[in-house]
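**Q** got a sequence here, can you build the structure:
(chains A and B)
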Amino acid sequence: MLLVPFLILAAFLFSTGIYGVLTRKDPVLLLMSLEVMLTGINLNFVAFASRYKSSAGDIFSLFVIAVSAIEVGVGLALVLALRKKKNSVQINELDSMRG
Amino acid sequence: MLKGFENQILALAWVLPSVNVVAFLIILLLGKRFIKKGAELSIFIGLGGLLYSLISVGIWIVHSPVDSLHPISKTLFSIPFGQFHWKMGISVDGLSLMMLFLITTISLLVQIYSTGYMRSDLNYTWYFAILNLFVGAMAFLVLSNSLLEVLICWELVGLCSFLLIGHWWSEEKNVSSALKAFLITKTADIFFIIAIAIAFFANKFSFSISALNYLSLHGLSHTLIVVIAISLLIAVIGKSAQFPLYSWLPDAMVGPTPVSALIHAATMVVAGVYLIARLYPVFWQAFNIHTIGFIRLGGINLLAIIGAVTMLIAALSAFVQYDLKKVLAFSTISQIGFMLMALGVGAWSGAIFQLFTHGFIKSLLFLTAGAIGESAGGFDMRTMGGLGKKMKFSFFSFVIGAASLSGVFPLSGFWSKDQVLAAAGANGYNSFLIIGLIGSFLTAAYMTRAIYLTFFGSYKGRGEPKEHLWIMKFPIGVLSLASIGIGWTLLLHPGFSSWTFINSNRTIISHIPSGSLSISFVSSFVVIISIVLVVVLLSTSNSLFNSDKSFLNVTFSVLRSNLGLDFILVKIIGGLFSNKLPQGVLWIEDKVIQFPGRTLSLAASYCGKSLQRFQNGKIQRYATAMIVGVILLGIIAAII
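**A** Below is the predicted model of the structure:
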């Protein structure tokens, strides 16, 4: 079974996610980019799992999906709270913790 | 060796100072609730102490000299300090017992006297509490068998005398005199600590006095001994008020008179003489006492020179004072100088005997002077005169004390002085023998002058002087008897010198001369000449001591100003230490010690400020930095 195409696709997804995390100003888009990154990682897990006939990778990817679901929940709650407090949800305006 | 029961009694000597310290606490805390404000407890304990010391002295004398050469030692605590043990304990021998007897007797008499003298004092209870601590510290000092204990007691004695000299602290003069005494003795005590430190390492990590004595005669290098002995001598000079650090003692006269009696006779100033006597082999080796003369190979006989210089200067100063107590203070300085000189010329037994008789004589003189001052309303002899008829008891006791101090045959002072002079002659120290005779001449002169001014002529003060309370007469009476008779203990067989002889001196003092007839004759003659001369001078020409421009007057004013030593000590050295030295220390602290710390803190805050710019609160910048960092780490890991 071919491994490399999956890895290339996973790396592409991960890089896209990183690009999104670093550049998007909207927190919702930022969370989506995070999900894209996690998808890339999951793809890696599953690809290696099927290549080496081990179920550990599959199970781990399930955990990652569960955690990412929770993370999105928390993240969206934070976005809502920010929205209520600041009336704006631009990431680069949240710099009150600067030194 | 003493055995069994008697040994047990002597080994219990440590209880005596402990009881005094406990009494100090009880009187301090509860004294005011007692009927007699704590004085009765103090005197009761004093009686117990006297009883104990009489019993121990009795045991010692009965077994002297064959059995008693070895000191009775007892270790109280063995305190570990890393690799070695500090064996804290006591050692009882003839010298300790003699001192213990002197301390307990005089402190008891002083306390009895104080109940009369201090009867209307505001801090009566406090006074008795401190007296107890004073006595306890001094008693433990003479029992100690290690240098560290001696140091602790030495400092306690200094502290107590500071407290008692400044007893009437509401006047600034008294406080500054007390402070002067404290600071001068403390400064000198630094050298005691130095000496102890050197002795500790030289002595194979031990504070033991007997080991140090043994070692200094067997194999310790001469340079080390000289360093130890000179440091100890400086400490003694401070404590015993010797030249050039004596000016605190006349100033200490501002304290209550019974305290002066105690300080001069049994506690503070004699601690220095005791220390030298106790560590005599060290001084013997350091100053080459066995080789006669001022300067011999490897060492100057500093001990005898300091003693002689002090004796002469203080005796001359005593002659020009108008304050009765100051005459006595300078007399003490002079007599202590005489004792140091005696130790310096190898007259160990004579010096100890002089210490013993001087204790009784000087406390007698002080207690009498206190009574006179109380009646006459001050101690200035110019406002006295003619008291001989009004205060017969004081007159007789003071004359007994003065005659005994001057060394009139056959009073106590005669025997001790004679023994010192005889030993000086026998050891070949002829120059010091002559100096001793001059000192004896001067002693008789200033005591005669003091008696003349106080008791003869016409009364110049105000008010009617009257005799004092019987409770003050009793101690004076006892001390008068002692001043007359205690010297005869020399003549008994085996006698005072044999009772007080200590083991560590066995190899260095081969024989104790029992006095020589010609020297006794000459010294008696000198004393009589001096008395007659002074009486004639005073009764014929009053103007001699009062004229304005005479050469004598200039000399007198120089002597009254303590030879300018006060100026040097207080203004120059004191000023240096209180102004210039702190300034210098501050400068060093600022420029040298704080400099690295300050530079480091400046550098740290600069770094912090420049790094602060990266902390801009932009999450995505942080994330970028993190990712770049991870990638860089990955590259580095790949390369390696």
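
**Q** now the host helix or strand of B:Val630: buried residues?
**A** Here B:Val630 sits within helix B:619-639, counting by DSSP states H and E. For helix B:619-639, the neighbour count (16 or more other CB atoms under 10 Å in any protein chain shown) marks B:Ile619 as buried. All C-beta atoms are positioned from the backbone trio N, CA, C, and that covers glycine.

**Q** list the contacts of that helix.
**A** Residues outside helix B:619-639 that contact it (CB atoms under 8 Å, 6 or more residues apart in numbering or on different chains) are A:Ile18, A:Val21, A:Leu22, A:Thr23, A:Ile91, A:Asn92, A:Leu94, B:Phe614.

**Q** just the buried members of the residues you listed?
**A** A:Ile18, A:Val21, A:Ile91.

**Q** just those: which are in helices?
**A** Secondary structure from DSSP state H places A:Ile18, A:Val21 of the buried ones among the contacts of helix B:619-639 in helices.

**Q** which one of the buried ones among the contacts of helix B:619-639 sits closest to B:Val478?
**A** Distances from B:Val478 to the buried ones among the contacts of helix B:619-639, taken as CB to CB, are shortest for A:Ile91 (101.6 Å).

**Q** contacting residues around that closest one?
**A** Contact partners of A:Ile91, counting by CB under 8 Å, 6+ apart, are A:Arg24, A:Lys25, A:Asp26, A:Pro27, A:Leu30, B:Ile619, B:Gln620.

**Q** please name the nearest non-neighbouring residue to the fourth one.
**A** In space, and not counting its chain neighbours, A:Pro27 is closest to A:Val79: 4.9 Å by CB to CB, 6 or more residues apart in numbering or on different chains.

**Q** in this structure the one you found contacts A:Leu30, no?
**A** No: contact between A:Val79 and A:Leu30 fails when scored by CB atoms under 8 Å: they sit 9.1 Å apart.

**Q** neighbour count winner among these two?
**A** Higher neighbour count among A:Val79 and A:Leu30: A:Leu30, with 22 against 16, using other CB atoms under 10 Å in any protein chain shown.

**Q** which one is that one nearest to, not counting chain neighbours?
**A** A:Arg24 (5.1 Å).

**Q** how about A:Phe48?
**A** Nearest to A:Phe48 is A:Gly57, by CB to CB, 6+ apart, at 5.2 Å.

**Q** A:Asp95 now?
**A** Leaving aside its sequence neighbours, A:Asp95 sits nearest to B:Gly617 (CB to CB, 6+ apart; 3.0 Å).

**Q** all strands for chain A, in order.
**A** Under the criterion DSSP state E, chain A contains no strands.

**Q** where does it dip in pLDDT?
**A** Residues of chain A meeting the criterion pLDDT under 70: A:1, A:98-99.

**Q** spell out which parts of it neighbour chain B.
**A** Contact residues, chain A versus chain B (CB under 8 Å from any CB of the partner chain): A:Ile18, A:Val21, A:Leu22, A:Thr23, A:Ile91, A:Asn92, A:Leu94, A:Asp95, A:Ser96, A:Met97, A:Arg98, A:Gly99.

**Q** if you set the cut-off to 7 Å instead, what comes out?
**A** With CB under 7 Å from any CB of the partner chain as the criterion, chain A meets chain B at residues A:Ile18, A:Val21, A:Leu22, A:Ile91, A:Asn92, A:Leu94, A:Asp95, A:Ser96, A:Met97, A:Arg98, A:Gly99.

**Q** wait, which of the residues you listed is closest to A:Phe48?
**A** Of those, the one sitting nearest to A:Phe48 (CB to CB) turns out to be A:Ile18, at 20.7 Å.

**Q** my guess is that closest one meets A:Met37, correct?
**A** Yes: look at A:Ile18 against A:Met37 with CB atoms under 7 Å: they come within range, at 6.4 Å.

**Q** what about residue 64, neighbour count?
**A** Because you didn't say which chain, this covers chain A. Burial of A:Val64 is recorded as 16 neighbouring residues (other CB under 10 Å).

**Q** look at chain B instead
**A** 18.

**Q** and it, how far is that from B:Pro494?
**A** Between B:Ser64 and B:Pro494 the distance is 6 Å, computed by CB to CB, to the nearest Å.

**Q** same question for B:Met472.
**A** 37 Å.

**Q** neighbour-wise, which of those two wins?
**A** Per other CB under 10 Å, whichever of B:Met472 and B:Pro494 has more neighbours is B:Met472, with 25 against 12.

**Q** that one looks like it's in a helix, true?
**A** Yes: under DSSP: H, G, I helix; E, B strand; the rest coil, B:Met472 falls within a helix.

**Q** from memory it sits against B:Tyr113, does it?
**A** Yes: counting by CB under 7 Å, B:Met472 does reach B:Tyr113; the two are 5.3 Å apart.

**Q** residues making contact with the one helix or strand B:Glu6 maps to?
**A** Per DSSP H and E, B:Glu6 falls inside helix B:4-11. With contact meaning CB atoms under 7 Å, 6 or more residues apart in numbering or on different chains, helix B:4-11 is reached by B:Leu2, B:Ile55, B:Ser56, B:Ile59, B:Ile72, B:Lys74, B:Val92.
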